[in-house]
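Engineer: Based on what follows, work out the 3D shape:
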Amino acid sequence: MIKADLINRLAKDMNITKQEAEKGINIFFDTIKDAIKNGEEIELRGFGSFRIRKRSSRSGRNPRTGEPVKVPAKKVIYFKPSKILKQMINQ
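Structural biologist: Okay, the predicted model is just below:
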């Protein structure tokens with residue numbers, strides 16, 4: 001499913017225009033992106049939660065040369081599905 005499919009589904013289910021549905025979807029995603037950017041945790045009950053995790057720096061190897069390289073510390077987005085979503089997938 002892609003963003004256009006979400007827009008079409010929302011427009012159909014709510015009996016609104018595709019433009020209105022697209023505006024709503026964009027607002028939803030922009031709100032989530034802004035919250036993540038500000039370091040907030042997002043929890044959507046029945047779906048899951050998004051959090052930022054910090055990965056510390058570590059040493060690695062260049063796969064071509066085998067040379068050791070230092071991988072810098074970074075932040076990554078982590079998604080944890082809800083218990084309900086996990087149960088739906090495993091049925």
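Engineer: chain center to stretch 11-31, what's the gap?
Structural biologist: From the chain centre to the centre of stretch 11-31 is a distance of 18 Å (C-alpha atoms, centre = their mean, to the nearest Å).
Engineer: quick one: contacts for S59?
Structural biologist: Residues counted as contacts of S59 (C-beta atoms under 8 Å, 6 or more residues apart in numbering) are 68-71. Yep, even glycine has a C-beta here, placed from its N, CA and C like the rest.
Engineer: If you count residues, where's the longest helix of the protein?
Structural biologist: When secondary structure is assigned using DSSP state H, the longest helix within the chain turns out to be helix 18-37.
Engineer: Only the buried residues of that helix, if you could.
Structural biologist: Buried residues in helix 18-37, counted by 16 or more other C-beta atoms under 10 Å: 21-22, 24-25, 36.
Engineer: for the residues you listed, which one is nearest A11?
Structural biologist: If you rank these by distance to A11 using C-beta to C-beta, A21 comes first, at 3.9 Å.
Engineer: thinking again about what came up before, what packs against the longest helix of the chain?
Structural biologist: In terms of contacts (3 or more C-beta pairs under 8 Å, 6 or more residues apart in numbering; DSSP states H and E), helix 18-37 is packed against helix 3-14, strand 42-44, strand 48-55.
Engineer: try 7 Å
Structural biologist: Helix 18-37 sits against helix 3-14, strand 42-44, with contacts defined as 3 or more C-beta pairs under 7 Å, 6 or more residues apart in numbering; DSSP states H and E.
Engineer: Put together TSV for these, with distance to I77 and mean neighbour count on each row.
Structural biologist: Conversion of these to TSV gives the following (distance: least, C-beta to C-beta, whole Å; neighbours: other C-beta atoms under 10 Å):
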stretch	distance to I77	mean neighbour count
helix 3-14	18	13
strand 42-44	10	13
